[in-house]
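Undergrad: no sequence for this one, just the structure:
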């Protein structure tokens, strides 16, 4: 023991500690660079950009809150927030209730379950650009599928994307079709964890079907319902690809959303300051929802 | 499944007459909302079969029919597509539109581009995020908790709102039209770090310590002990990374603007105005094949990952 330690002193505690840290940071360095450059720095950069006037040729100048003023005074600004809120609300109305009901029914079925699960998730796997372009064709007022179906039932055709009345709901339909599957499967998984004793007990107490849904099914899936609500709000408030591909924000700004206006400021008007100001405002709103979400999921696990 | 089959066989000899579907007993493995008893009353069985058929018809109409319309639409001639009322089955199916789309869009190149982005992002993300999660979970460096917190905090910021500063950063780094513009940011994924770290945390400490006693280096421990037991979570992370890159639209639209470096989704959209409907539809079909194939092969993993990811705490 003594002889051996003469040549090689056992490393001190501190030395070992230092070596361990060094290896650990060796493993971490690539991730730190990626996160730093493409996640943490852009957050700071967003704030900087929103306070600057920048044409990417001359040095940027600080303009205080001018960008925010420009954006807020734009008549499309209020419209974009209203549209985004309406889109989110409508998407919740359809895309939140239907998946839950579908999952409750699916959970009762003893046949064809694998097929139904597969089919409902299929649109989620399609690239969104494909789904949106597919629906653009369906919405075509002439030879589009939807008006032909309406015509088959002797109903008058709709203008779909071309009318201010139906444009936004048309976008909601595409978005819901694309995303319904994940919610359905997540609820289904949650429903399968409900202990059967609870249903038996409720039945013994004389609870009918709807009472059992109200007093067993919903309370037992409350957490996942709440979590999904918040996640869906966060996801749908970022809606971009639908207005970008289907309507370009029209007709008459009826489908301009916040994310789309952000894009327009930067890439159509060449105003990155204004775009970043939009992005920052959206970020703040979404962080509030995320914070609530984190709080909810932390409290309950 | 086996139990059902056995029971059916046992009841068969008693009744020689083939039983009507609605009279057959509906077997239940787990008790759910409707009790097995209620389900097997005469009324219960009738309602059950009506609901079942209704669901199958509705789901097929809503989710499968649009896809059927897409695939067959691309088999029709332009005149047939504009015809009112439309034909349910193509009169004279032809693959011309598929060939036209392939040549017009140079779909071979686009698919190759997208595959390179997806596979590269997959390998790079795995290498970076696995080693980072391993370091944070098992090597526990100084400030490890802070770093973990900062990485998880990025989950609160949706990617859309950082699109402009991210784009500006890519321009500053001169990565426009380079595959690294996809690969590098793909690795900055807080959700992967979360999933991997949580899984690594659950690997028993004794296993690692025993290997340490034997003088294994951290790299060796990661490679021969941690990775082999982490297959399920690596599968989930891999599939999600590949599918996410394949489905992404706005980000590749901004950072890969050259026609030679575009992804399938972006190119189809930018050329959609100039193409005849049947060729465009054929392009849509071709563009959706890769992710559908992934789904067919990894359905189980994808559905398992969906529920694993949704309940994060």
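TA: Structure received. This structure is a prediction, so every number in the text was calculated from the model and none was measured. Numbers count the residues shown, from 1 in each chain, chains lettered A, B, ... in the order given.
Undergrad: please count neighbours and contacts with C-alpha atoms only from this point.
TA: Noted.
Undergrad: quick check, pLDDT for residue B:3.
TA: Listed pLDDT for residue B:3 reads 43.
Undergrad: neighbours of the residue of the stretch 201-313 of chain B at minimum distance from chain A, just the number please.
TA: Proximity of the stretch 201-313 of chain B to chain A (CA to the nearest CA) peaks at residue B:247, 4.4 Å away. Neighbourhood size, residue B:247 [other CA atoms under 10 Å in any protein chain shown]: 22.
Undergrad: so the residue in the stretch 201-301 of chain A that chain B sits nearest to versus residue A:203, what's the distance?
TA: Nearest to chain B, among the residues of the stretch 201-301 of chain A, is residue A:279, at 4.8 Å (CA to the nearest CA). Applying CA to CA, to the nearest Å, the value for residue A:279 to residue A:203 is 52 Å.
Undergrad: surely residue B:251 touches residue B:163?
TA: Yes. Judged on CA atoms under 8 Å, residue B:251 makes contact with residue B:163 at a distance of 7.2 Å.
Undergrad: more neighbours: which of these two?
TA: residue B:163 (22 against 18).
Undergrad: which SS state does that one fall under?
TA: Put simply, residue B:163 is helix when judged by DSSP: H, G, I helix; E, B strand; the rest coil.
Undergrad: kindly report the same for residue A:56.
TA: Using three-state DSSP, the structure places residue A:56 in coil.
Undergrad: let me see the mean pLDDT of the helix or strand harbouring residue A:133.
TA: Using DSSP states H and E, residue A:133 sits in helix A:128-138. Averaged across helix A:128-138, pLDDT comes to 94.
Undergrad: what mean pLDDT does the next helix-or-strand element following it have?
TA: As assigned by DSSP H and E, the chain's next helix or strand after helix A:128-138 is helix A:145-152. What helix A:145-152 shows for mean pLDDT is 85.
Undergrad: and the gap between the closest residue to residue A:95 other than its chain neighbours and residue A:93?
TA: Spatial nearest neighbour of residue A:95, chain neighbours left out: residue A:176 (5.5 Å); criterion: CA to CA, 6 or more residues apart in numbering or on different chains. Distance of residue A:176 to residue A:93, computed by CA to CA: 10 Å.
Undergrad: show me the shaky parts of the chain.
TA: No chain in the question, so chain A it is. Counting by pLDDT under 70, the low-confidence segments of chain A come to A:1-11, A:300-301.
Undergrad: to clarify, I was referring to chain B.
TA: B:1-23, B:308-313.
Undergrad: tell me where it has strands.
TA: Using DSSP state E, chain B contains no strands.
Undergrad: so what are the domain limits for it?
TA: Split into domains by automatic domain parsing, chain B comes to B:19-73, B:100-310.
Undergrad: any idea which of these gets closest to residue A:211?
TA: The closest approach between residue A:211 and any of the domains of chain B, judged by CA to CA, belongs to domain B:19-73 at 10.4 Å.
Undergrad: so does that closest one get close to chain A?
TA: Yes. Residues of domain B:19-73 are located near chain A by CA under 8 Å from any CA of the partner chain, namely B:26-28, B:30-35, B:48, B:52, B:56, B:59-60, B:63-64, B:70.
Undergrad: just checking, residue B:237 touches residue B:192?
TA: Yes. Counting by CA under 8 Å, residue B:237 does reach residue B:192; the two are 6.3 Å apart.
Undergrad: related to what we said a few turns ago, next up, the contacts around the residue of the stretch 201-313 of chain B closest to chain A.
TA: Residues near residue B:247 by CA atoms under 8 Å, 6 or more residues apart in numbering or on different chains: A:126-129, B:265.
Undergrad: residue B:159: which of those is nearest?
TA: Of all the contacts of residue B:247, residue B:159 sits closest to residue A:128, with 16.0 Å by CA to CA.
Undergrad: hang on, the earlier thing: who's more crowded, residue B:237 and residue B:192?
TA: Using other CA under 10 Å as the criterion, residue B:237 and residue B:192 rank with residue B:192 on top: 26 against 23.
Undergrad: pretty sure the more buried one sits against residue B:236.
TA: No. Counting by CA under 8 Å, residue B:192 does not reach residue B:236; the two are 9.3 Å apart.
Undergrad: quick one: residue B:144 and residue B:150, what's the gap?
TA: Here residue B:144 is placed at a distance of 10 Å from residue B:150 (CA to CA).
Undergrad: circling back: tell me the two of the contacts of residue B:247 that are most distant?
TA: A:126 and B:265, at 10.5 Å, using CA to CA across the contacts of residue B:247.
Undergrad: look at these two and report which has more neighbours.
TA: residue B:265 (27 against 24).
Undergrad: buried residues of the longest helix that chain B contains, list them for me.
TA: Longest helix in chain B, counting residues (DSSP state H): helix B:277-310. Under the neighbour-count criterion of 16 or more other CA atoms under 10 Å in any protein chain shown, helix B:277-310 has B:277-288, B:290-292, B:295, B:301-307 buried.
Undergrad: how about stretch B:42-60?
TA: B:44-46, B:48-49, B:51-52, B:55-56, B:59-60.
Undergrad: let's see which of the residues of domain B:19-73 next to chain A end up in helices.
TA: Judged by DSSP H, helices contain the following of the residues of domain B:19-73 next to chain A: B:48, B:52, B:56, B:59, B:70.
Undergrad: just checking: which of the buried residues of helix B:277-310 also lie near chain A?
TA: Answer for the buried residues of helix B:277-310 near chain A (CA under 8 Å from any CA): B:281, B:284, B:287-288, B:291-292, B:295, B:303, B:306-307.
Undergrad: which of those residues lies closest to residue B:121?
TA: Ranked by distance to residue B:121 (CA to CA), these are led by residue B:291 at 15.7 Å.
Undergrad: my guess is the closest one meets residue A:125, correct?
TA: Yes. Counting by CA under 8 Å, residue B:291 touches residue A:125, with 6.0 Å between them.
Undergrad: overlap of the contact sets of the two?
TA: residue B:243.
Undergrad: just the buried residues of the biggest helix by length in chain A, please?
TA: Secondary structure assigned by DSSP H gives helix A:272-299 as the longest helix of chain A. Within helix A:272-299, the residues that qualify as buried are A:272-280, A:282-283, A:286-287, A:289-290, A:293-294, A:296-297, counting by 16+ other CA under 10 Å.
Undergrad: thanks again, I'm all set now.
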